[in-house]
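K.L.:
I need the structure of the sequence given here:
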Amino acid sequence: MLLFALRRALQALGVLLALTLLVFVGVWMIGNPADALISPDASMAEREAAIRALGLDQPLWRQYLDFLGGLLQGDFGSSFVYREPVTAILASRLGASLELAFAAFVIAVGVSIPLGLYAGLRPEARLSRAAMGLSLLGVSIPQFWQGMVLIILFGIWLAILPVGGRGETATFLGITSSLFTLDGLMHLLLPALNMALLKMSLLMRVTRAAVMEVKSLDYVRFARAKGVRPHRIVTRHILGNILLPVLTVLGIEIGNLVAYAVITETVFSWPGLGRLLISSIQVLDRPVIIAYLCFTALLFILLNLIVDILYTVVDPRVRDALHAGGAK
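P.N.:
Numbering: from 1, shown residues only. Presented below is the predicted three-dimensional model:
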(Lines give C-alpha, C1' and ligand atoms only; values in the text may rest on other atoms or scores of the structure.)
Protein backbone atom coordinates (compact mmCIF):
# COMPACT_ATOMS: atom_id res chain seq x y z
CA MET A 1 0.00 0.00 0.00
CA LEU A 2 2.82 2.41 0.88
CA LEU A 3 4.60 1.69 -2.40
CA PHE A 4 1.34 2.26 -4.26
CA ALA A 5 0.85 5.65 -2.54
CA LEU A 6 4.43 6.67 -3.35
CA ARG A 7 3.95 5.81 -7.01
CA ARG A 8 0.80 7.89 -7.14
CA ALA A 9 2.58 10.81 -5.44
CA LEU A 10 5.31 10.76 -8.09
CA GLN A 11 2.67 10.66 -10.81
CA ALA A 12 1.00 13.66 -9.17
CA LEU A 13 4.23 15.66 -9.26
CA GLY A 14 4.64 14.88 -12.95
CA VAL A 15 1.07 15.95 -13.71
CA LEU A 16 1.46 19.21 -11.78
CA LEU A 17 4.74 20.01 -13.53
CA ALA A 18 3.22 19.41 -16.97
CA LEU A 19 0.17 21.47 -16.03
CA THR A 20 2.17 24.51 -14.95
CA LEU A 21 4.14 24.40 -18.21
CA LEU A 22 1.00 24.12 -20.34
CA VAL A 23 -0.70 26.99 -18.49
CA PHE A 24 2.36 29.23 -18.79
CA VAL A 25 2.55 28.64 -22.52
CA GLY A 26 -1.23 28.92 -22.91
CA VAL A 27 -1.48 32.27 -21.10
CA TRP A 28 1.53 33.57 -23.05
CA MET A 29 -0.15 32.59 -26.34
CA ILE A 30 -3.46 34.23 -25.36
CA GLY A 31 -1.87 37.60 -24.79
CA ASN A 32 0.44 39.76 -22.74
CA PRO A 33 -0.86 40.42 -19.19
CA ALA A 34 0.65 43.89 -19.42
CA ASP A 35 -1.89 44.83 -22.11
CA ALA A 36 -4.76 44.06 -19.73
CA LEU A 37 -3.19 45.41 -16.54
CA ILE A 38 -1.50 48.62 -17.64
CA SER A 39 -3.59 51.65 -18.54
CA PRO A 40 -3.49 52.65 -22.23
CA ASP A 41 -2.86 56.21 -21.08
CA ALA A 42 0.40 55.26 -19.35
CA SER A 43 3.60 56.66 -20.82
CA MET A 44 6.24 54.39 -22.30
CA ALA A 45 8.46 54.83 -19.21
CA GLU A 46 5.56 53.98 -16.88
CA ARG A 47 4.70 50.97 -19.00
CA GLU A 48 8.27 49.65 -18.96
CA ALA A 49 8.52 50.19 -15.21
CA ALA A 50 5.28 48.28 -14.63
CA ILE A 51 6.43 45.42 -16.87
CA ARG A 52 9.68 45.14 -14.91
CA ALA A 53 7.79 45.23 -11.60
CA LEU A 54 5.60 42.34 -12.76
CA GLY A 55 8.61 40.37 -13.98
CA LEU A 56 7.25 40.29 -17.52
CA ASP A 57 10.43 41.71 -19.01
CA GLN A 58 12.12 38.32 -18.61
CA PRO A 59 11.87 35.63 -21.30
CA LEU A 60 9.15 33.07 -20.77
CA TRP A 61 11.53 30.27 -19.78
CA ARG A 62 13.07 32.51 -17.12
CA GLN A 63 9.65 33.44 -15.73
CA TYR A 64 8.73 29.76 -15.63
CA LEU A 65 11.90 28.75 -13.79
CA ASP A 66 11.38 31.57 -11.28
CA PHE A 67 7.87 30.31 -10.68
CA LEU A 68 9.07 26.74 -10.14
CA GLY A 69 11.68 28.00 -7.68
CA GLY A 70 8.98 29.74 -5.66
CA LEU A 71 6.68 26.71 -5.92
CA LEU A 72 9.30 24.48 -4.31
CA GLN A 73 9.12 26.83 -1.31
CA GLY A 74 5.32 26.80 -1.27
CA ASP A 75 5.10 30.26 -2.83
CA PHE A 76 2.86 30.83 -5.87
CA GLY A 77 3.99 34.43 -6.15
CA SER A 78 1.87 37.57 -5.91
CA SER A 79 -1.23 38.43 -7.89
CA PHE A 80 -0.73 40.97 -10.67
CA VAL A 81 -4.06 42.59 -9.78
CA TYR A 82 -4.42 42.35 -6.00
CA ARG A 83 -0.69 42.70 -5.27
CA GLU A 84 -1.09 40.12 -2.50
CA PRO A 85 0.32 36.59 -2.12
CA VAL A 86 -1.71 34.20 -4.25
CA THR A 87 -1.88 31.66 -1.43
CA ALA A 88 -3.63 34.20 0.81
CA ILE A 89 -6.09 35.13 -1.96
CA LEU A 90 -7.01 31.50 -2.62
CA ALA A 91 -7.36 30.80 1.10
CA SER A 92 -9.76 33.74 1.49
CA ARG A 93 -12.03 32.30 -1.25
CA LEU A 94 -11.61 28.60 -0.49
CA GLY A 95 -14.03 28.55 2.44
CA ALA A 96 -16.92 29.81 0.33
CA SER A 97 -16.25 27.23 -2.40
CA LEU A 98 -15.92 24.36 0.08
CA GLU A 99 -19.15 25.15 1.91
CA LEU A 100 -21.00 25.40 -1.40
CA ALA A 101 -19.54 22.08 -2.54
CA PHE A 102 -20.36 20.47 0.82
CA ALA A 103 -23.99 21.61 0.70
CA ALA A 104 -24.37 20.44 -2.91
CA PHE A 105 -22.78 17.08 -2.05
CA VAL A 106 -25.12 16.50 0.90
CA ILE A 107 -28.17 17.32 -1.24
CA ALA A 108 -27.00 15.17 -4.15
CA VAL A 109 -26.07 12.09 -2.10
CA GLY A 110 -29.01 12.40 0.28
CA VAL A 111 -31.49 12.36 -2.60
CA SER A 112 -29.84 10.33 -5.37
CA ILE A 113 -28.61 7.25 -3.50
CA PRO A 114 -31.99 6.37 -1.88
CA LEU A 115 -33.88 7.14 -5.11
CA GLY A 116 -31.40 5.21 -7.24
CA LEU A 117 -31.61 2.26 -4.86
CA TYR A 118 -35.41 2.31 -4.95
CA ALA A 119 -35.46 2.68 -8.75
CA GLY A 120 -33.12 -0.29 -9.10
CA LEU A 121 -35.14 -2.50 -6.76
CA ARG A 122 -38.53 -1.49 -8.23
CA PRO A 123 -37.89 -0.27 -11.78
CA GLU A 124 -41.56 -0.46 -12.78
CA ALA A 125 -42.87 1.69 -9.92
CA ARG A 126 -44.26 5.13 -10.77
CA LEU A 127 -41.81 6.86 -8.46
CA SER A 128 -38.91 5.05 -10.16
CA ARG A 129 -40.06 6.09 -13.62
CA ALA A 130 -40.59 9.67 -12.49
CA ALA A 131 -37.13 9.77 -10.87
CA MET A 132 -35.44 8.42 -13.99
CA GLY A 133 -37.31 10.89 -16.17
CA LEU A 134 -36.19 13.78 -13.96
CA SER A 135 -32.63 12.47 -13.95
CA LEU A 136 -32.58 12.47 -17.76
CA LEU A 137 -33.85 16.03 -17.69
CA GLY A 138 -31.19 16.96 -15.12
CA VAL A 139 -28.27 15.81 -17.28
CA SER A 140 -29.69 17.53 -20.37
CA ILE A 141 -30.26 21.07 -19.07
CA PRO A 142 -27.31 23.51 -19.24
CA GLN A 143 -26.30 24.54 -15.73
CA PHE A 144 -26.34 28.28 -16.39
CA TRP A 145 -29.89 28.08 -17.82
CA GLN A 146 -30.97 25.93 -14.91
CA GLY A 147 -29.55 28.53 -12.51
CA MET A 148 -31.47 31.33 -14.23
CA VAL A 149 -34.69 29.31 -13.98
CA LEU A 150 -34.12 28.81 -10.24
CA ILE A 151 -33.51 32.54 -9.80
CA ILE A 152 -36.68 33.46 -11.70
CA LEU A 153 -38.80 30.85 -9.89
CA PHE A 154 -37.62 31.18 -6.28
CA GLY A 155 -36.11 34.66 -6.30
CA ILE A 156 -38.54 36.64 -8.47
CA TRP A 157 -41.90 34.84 -8.81
CA LEU A 158 -42.09 33.29 -5.34
CA ALA A 159 -39.58 35.73 -3.79
CA ILE A 160 -38.74 33.34 -0.97
CA LEU A 161 -34.97 32.91 -1.43
CA PRO A 162 -32.08 35.34 -2.03
CA VAL A 163 -30.38 34.94 -5.39
CA GLY A 164 -26.92 36.41 -4.91
CA GLY A 165 -24.05 36.69 -2.49
CA ARG A 166 -22.97 34.57 0.44
CA GLY A 167 -25.16 36.13 3.09
CA GLU A 168 -24.35 36.47 6.78
CA THR A 169 -21.48 34.35 8.14
CA ALA A 170 -20.51 33.28 11.64
CA THR A 171 -17.43 31.73 13.21
CA PHE A 172 -17.56 28.43 15.08
CA LEU A 173 -14.46 26.52 16.28
CA GLY A 174 -12.31 28.91 14.24
CA ILE A 175 -14.23 28.24 11.01
CA THR A 176 -16.11 31.11 9.36
CA SER A 177 -19.02 29.92 7.26
CA SER A 178 -22.49 30.84 6.11
CA LEU A 179 -23.58 27.36 7.26
CA PHE A 180 -23.79 28.69 10.82
CA THR A 181 -26.47 31.36 10.18
CA LEU A 182 -30.02 31.19 8.89
CA ASP A 183 -29.38 34.02 6.43
CA GLY A 184 -26.28 32.24 5.15
CA LEU A 185 -28.20 28.98 4.68
CA MET A 186 -30.91 30.83 2.76
CA HIS A 187 -28.28 32.33 0.44
CA LEU A 188 -26.60 28.93 0.08
CA LEU A 189 -29.68 26.91 -0.85
CA LEU A 190 -30.20 27.97 -4.48
CA PRO A 191 -26.56 27.75 -5.69
CA ALA A 192 -26.13 24.44 -3.84
CA LEU A 193 -29.29 23.07 -5.44
CA ASN A 194 -28.14 24.26 -8.86
CA MET A 195 -24.85 22.39 -8.46
CA ALA A 196 -26.50 19.33 -6.93
CA LEU A 197 -29.11 18.71 -9.64
CA LEU A 198 -26.63 17.45 -12.23
CA LYS A 199 -24.79 15.34 -9.66
CA MET A 200 -28.08 13.90 -8.42
CA SER A 201 -28.96 12.82 -11.94
CA LEU A 202 -25.63 11.08 -12.53
CA LEU A 203 -25.49 9.38 -9.12
CA MET A 204 -29.09 8.24 -9.37
CA ARG A 205 -28.56 6.59 -12.73
CA VAL A 206 -25.28 4.95 -11.68
CA THR A 207 -26.84 3.63 -8.47
CA ARG A 208 -29.88 2.28 -10.29
CA ALA A 209 -27.76 0.52 -12.93
CA ALA A 210 -25.51 -1.03 -10.27
CA VAL A 211 -28.47 -2.25 -8.20
CA MET A 212 -30.18 -3.81 -11.21
CA GLU A 213 -26.98 -5.62 -12.12
CA VAL A 214 -26.25 -6.90 -8.62
CA LYS A 215 -29.78 -7.98 -7.69
CA SER A 216 -29.86 -10.50 -10.55
CA LEU A 217 -26.62 -12.24 -9.49
CA ASP A 218 -26.67 -15.78 -8.13
CA TYR A 219 -25.74 -15.02 -4.53
CA VAL A 220 -28.65 -12.55 -4.22
CA ARG A 221 -31.06 -15.10 -5.67
CA PHE A 222 -29.67 -17.74 -3.32
CA ALA A 223 -30.19 -15.44 -0.35
CA ARG A 224 -33.81 -14.91 -1.39
CA ALA A 225 -34.28 -18.65 -1.81
CA LYS A 226 -32.96 -19.20 1.72
CA GLY A 227 -35.57 -16.83 3.06
CA VAL A 228 -33.21 -14.04 4.07
CA ARG A 229 -35.19 -10.94 4.97
CA PRO A 230 -35.39 -8.35 2.12
CA HIS A 231 -33.94 -5.63 4.34
CA ARG A 232 -30.85 -7.74 5.05
CA ILE A 233 -30.46 -8.64 1.37
CA VAL A 234 -30.45 -4.95 0.44
CA THR A 235 -28.09 -3.78 3.19
CA ARG A 236 -25.67 -6.70 3.18
CA HIS A 237 -25.69 -8.21 -0.29
CA ILE A 238 -26.68 -5.36 -2.60
CA LEU A 239 -25.42 -2.15 -1.01
CA GLY A 240 -22.03 -3.62 -0.19
CA ASN A 241 -21.50 -4.68 -3.79
CA ILE A 242 -22.57 -1.47 -5.53
CA LEU A 243 -20.06 0.63 -3.60
CA LEU A 244 -17.27 0.38 -6.18
CA PRO A 245 -19.04 2.12 -9.10
CA VAL A 246 -20.71 4.59 -6.72
CA LEU A 247 -17.38 5.42 -5.06
CA THR A 248 -15.80 6.01 -8.46
CA VAL A 249 -18.47 8.50 -9.46
CA LEU A 250 -18.45 10.14 -6.02
CA GLY A 251 -14.69 10.68 -6.19
CA ILE A 252 -14.94 12.40 -9.55
CA GLU A 253 -18.02 14.44 -8.68
CA ILE A 254 -16.61 15.75 -5.38
CA GLY A 255 -13.69 17.20 -7.33
CA ASN A 256 -16.06 18.61 -9.93
CA LEU A 257 -18.09 20.37 -7.25
CA VAL A 258 -15.05 22.41 -6.23
CA ALA A 259 -13.21 22.69 -9.52
CA TYR A 260 -16.09 23.36 -11.89
CA ALA A 261 -18.31 25.62 -9.79
CA VAL A 262 -17.43 28.51 -12.12
CA ILE A 263 -20.87 28.71 -13.73
CA THR A 264 -22.84 28.50 -10.49
CA GLU A 265 -20.61 30.96 -8.65
CA THR A 266 -20.88 33.42 -11.53
CA VAL A 267 -24.67 33.14 -11.90
CA PHE A 268 -25.30 33.49 -8.16
CA SER A 269 -22.45 35.95 -7.44
CA TRP A 270 -20.94 33.49 -4.99
CA PRO A 271 -17.51 34.74 -3.79
CA GLY A 272 -15.60 31.50 -4.33
CA LEU A 273 -12.66 30.21 -6.32
CA GLY A 274 -14.62 29.80 -9.54
CA ARG A 275 -15.63 33.44 -9.67
CA LEU A 276 -12.04 34.41 -8.83
CA LEU A 277 -10.81 32.33 -11.78
CA ILE A 278 -13.15 34.10 -14.22
CA SER A 279 -12.04 37.56 -13.09
CA SER A 280 -8.38 36.48 -13.22
CA ILE A 281 -8.70 35.13 -16.77
CA GLN A 282 -10.23 38.42 -17.92
CA VAL A 283 -7.09 40.33 -16.86
CA LEU A 284 -4.63 37.45 -17.47
CA ASP A 285 -3.60 37.34 -13.80
CA ARG A 286 -1.18 34.50 -14.47
CA PRO A 287 -0.14 33.62 -10.87
CA VAL A 288 -3.77 33.24 -9.75
CA ILE A 289 -4.73 31.18 -12.82
CA ILE A 290 -1.82 28.79 -12.42
CA ALA A 291 -2.33 28.43 -8.66
CA TYR A 292 -6.02 27.65 -9.16
CA LEU A 293 -5.32 25.02 -11.81
CA CYS A 294 -2.58 23.45 -9.68
CA PHE A 295 -4.98 23.29 -6.75
CA THR A 296 -7.62 21.69 -8.96
CA ALA A 297 -5.20 19.09 -10.32
CA LEU A 298 -3.96 18.27 -6.82
CA LEU A 299 -7.56 17.94 -5.59
CA PHE A 300 -8.43 15.40 -8.27
CA ILE A 301 -5.22 13.46 -7.68
CA LEU A 302 -5.86 13.27 -3.93
CA LEU A 303 -9.49 12.24 -4.45
CA ASN A 304 -8.47 9.52 -6.90
CA LEU A 305 -5.90 8.26 -4.41
CA ILE A 306 -8.50 8.20 -1.64
CA VAL A 307 -10.93 6.31 -3.88
CA ASP A 308 -8.23 3.77 -4.78
CA ILE A 309 -7.47 3.22 -1.10
CA LEU A 310 -11.17 2.82 -0.33
CA TYR A 311 -11.33 0.23 -3.11
CA THR A 312 -8.88 -1.92 -1.17
CA VAL A 313 -11.02 -1.58 1.96
CA VAL A 314 -14.32 -2.33 0.24
CA ASP A 315 -13.23 -5.05 -2.18
CA PRO A 316 -10.72 -7.71 -1.02
CA ARG A 317 -10.02 -8.62 -4.65
CA VAL A 318 -8.44 -5.21 -5.27
CA ARG A 319 -6.32 -5.59 -2.12
CA ASP A 320 -5.15 -9.04 -3.21
CA ALA A 321 -4.26 -7.71 -6.67
CA LEU A 322 -2.14 -4.95 -5.11
CA HIS A 323 -0.34 -7.44 -2.88
CA ALA A 324 0.28 -9.72 -5.85
CA GLY A 325 1.66 -6.80 -7.86
CA GLY A 326 3.94 -5.80 -4.99
CA ALA A 327 5.23 -9.34 -4.66
CA LYS A 328 6.28 -9.34 -8.29
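K.L.:
Every contact and neighbour count from this point should use C-alpha atoms.
P.N.:
OK.
K.L.:
Could you pull out the helices in the stretch 101-250 of the chain for me?
P.N.:
When assigned using DSSP state H, counting those that start in this stretch, the helices of the stretch 101-250 of the chain occupy the ranges 126-140, 143-150, 182-214, 218-225, 230-232, 243-259.
K.L.:
tell me which residues of the first one are tucked away?
P.N.:
Think helix 126-140. Within helix 126-140, the residues scored as buried using 16 or more other C-alpha atoms under 10 Å are 128, 131, 132, 135, 138.
K.L.:
just the fourth one next, same as before
P.N.:
Of all the residues in helix 218-225, those buried under the rule 16+ other C-alpha under 10 Å are residue 220.
K.L.:
Tell me which other helices or strands that helix touches.
P.N.:
When contacts are defined as 3 or more C-alpha pairs under 8 Å, 6 or more residues apart in numbering; DSSP states H and E, helix 218-225 packs onto no helix or strand at all.
K.L.:
Report the mean per-residue pLDDT for it.
P.N.:
Confidence over helix 218-225 (mean pLDDT, whole number) is 75.
K.L.:
do the same with the second one
P.N.:
Summarised as a single mean, pLDDT over helix 143-150 is 87.
K.L.:
contacting residues around that helix?
P.N.:
Contact with helix 143-150 is made by 190, 191, 194, 195, 198, 263, 264, 267, 268, as judged by C-alpha atoms under 8 Å, 6 or more residues apart in numbering.
K.L.:
If we use 7 Å, what do you get?
P.N.:
If you take C-alpha atoms under 7 Å, 6 or more residues apart in numbering as the criterion, helix 143-150 is touched by 194, 263, 264, 267.
K.L.:
Then the first one?
P.N.:
Helix 126-140 is contacted from outside by 118, 119, 122, 123, 197, 198, 201, using C-alpha under 7 Å, 6+ apart.
K.L.:
repeat that with 10 Å
P.N.:
Taking contacts as C-alpha atoms under 10 Å, 6 or more residues apart in numbering, the residues outside helix 126-140 that touch it are 112, 115-123, 125, 146, 196-205, 208.
K.L.:
got the contact list for residue 70?
P.N.:
With contacts defined as C-alpha under 10 Å, 6+ apart, residue 70 is in contact with 64, 76, 77.
K.L.:
got the phi/psi numbers for it?
P.N.:
Phi and psi for residue 70, reported as degrees, to the nearest 10, are phi -70, psi -40.
K.L.:
try residue 217
P.N.:
With angles defined as degrees, to the nearest 10, residue 217 sits at phi -70, psi 160.
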